[in-house]
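K.L.:
All I have is the shape, not the residue letters:
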């Protein structure tokens, strides 16, 4: 209904401005925590939402209630209710009260804070009890699950143990299973998308818009970045680091410190940064955007317009994203703290396509000076290992099979490198 959709939009807007604070309402000294003025019973009538934190919490609950109503309307007996994201932490409790027999699961994609941080929320118990109303709770890493279980033990007194199902919490005589599930990508799907007419067109358009990335003479090494315009993404820090790198490269080039096989300093770098607008915290997004634009203009003024390409998107189309990942020599992730990020996995998959795709870069043996069949088998094994590098049987992430050939090695160096890498690959993936 239109009225409920309007309520949802308004509630989501208020939720976006929610900030974690130690407490809400009046403190023990009678001071109102939001304004610093003395609060009385007359100025804060019982039952009224008075502070900004209380307004945000009211909006947060309202959003979860609206989702609950639609879940109840669409539910059929035997359905599994699968909830995603911390934005709907109360939804398991709301759904379980209406649908007592429904199987409910929730997956939290972001890092869960430690108890020292989480306990500063005034609504900490309500959030934990809402999540614990689910039958199964999923995280990407055990680190996040451990923080959650520690919060439950310290704040609610919930006990847990481990069995064949994993970590199991005892919540009022009911078992709640904690699962750690690692995310990945589908290389075959990405390959089909990149090979589609739209993908090929995006690849060609991007390659034409950049300086020469291949051929004789000086070439440009492309560094790709895709980040939200948020403080935690570290975009200003990335631009400052890139500026220092350019200044250092210019100084080394002037001093003649570049080796002869590195192009005698003729090669240049180019950072292609896709900046995604963040709608959750508009004020924070606007400030970071202003800071980044100032840095971008400064870098271009000092080092030239072709060293940095800044593009802002609300949501980058998949064809443009895969084209950038295929062109790039380096994919630069600088987040201070991150949850689920599949773009590095997409980059590895697209580098596979770039190296092995003869329709884009020609014959592999001629380009790299290695045996194409062996190289493809090595990359197949390495890509499969990369997709499962966060757990399960096999070798850890740091095994040699995750080293990939740089695309820009000359034939002689690539052949020597290829023999060394092949020996490592044989040791990791022995053949019968």
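P.N.:
Happy to help now that I have it. Because the structure is a prediction, the values reported are computed rather than measured.
K.L.:
Could you use CA atoms for every contact and neighbour count after this?
P.N.:
Will do.
K.L.:
Next one: residue 280 from residue 286, what distance?
P.N.:
11 Å (Cα to Cα, to the nearest Å).
K.L.:
Kindly report the same for residue 123.
P.N.:
In this structure, residue 123 lies at 28 Å from residue 286, with Cα to Cα as the measure.
K.L.:
swap in residue 65?
P.N.:
As it turns out, when the distance is counted by Cα to Cα, residue 65 lies 30 Å from residue 286.
K.L.:
Those two: which has the busier surroundings?
P.N.:
It is residue 65, of residue 65 and residue 286, that has more neighbours when counted by other Cα atoms under 10 Å, with 18 against 15.
K.L.:
and that one, which of the three is it?
P.N.:
Classification of residue 65 by DSSP: H, G, I helix; E, B strand; the rest coil places it in helix.
K.L.:
Which pLDDT value goes with it?
P.N.:
If you check residue 65, the pLDDT there is 94.
K.L.:
Likewise for the one 3 residues further on?
P.N.:
Reported pLDDT at residue 68 in the predicted model: 94.
K.L.:
Same check on residue 211?
P.N.:
According to the per-residue confidence, residue 211 scores 75 in pLDDT.
K.L.:
That one reaches residue 308, doesn't it?
P.N.:
No - the pair residue 211 and residue 308 fails to qualify as a contact (Cα atoms under 8 Å) at a distance of 11.0 Å.
K.L.:
the more surrounded of the two?
P.N.:
Set side by side, residue 211 and residue 308 show more neighbours around residue 308, with 23 against 17, by other Cα under 10 Å.
K.L.:
Next, the contact list for that one, please.
P.N.:
270-273, 296, 299-300 (Cα atoms under 8 Å, 6 or more residues apart in numbering).
K.L.:
Of these, which qualify as buried by neighbour count?
P.N.:
When the contacts of residue 308 are checked for burial by 16 or more other Cα atoms under 10 Å, the buried set is 270-273, 296, 299.
K.L.:
Now do the residue nearest to residue 273 when sequence neighbours are not counted against residue 76, distance only.
P.N.:
The shortest distance from residue 273 to any residue that is not its chain neighbour, by Cα to Cα, 6 or more residues apart in numbering, is 4.6 Å, and that residue is residue 225. With the distance defined as Cα to Cα, residue 225 ends up 44 Å from residue 76.
K.L.:
now swap in residue 150 and tell me
P.N.:
35 Å.
K.L.:
Those two: which has the busier surroundings?
P.N.:
Between residue 150 and residue 76, counted using other Cα under 10 Å, residue 150 has the larger neighbour count: 17 against 10.
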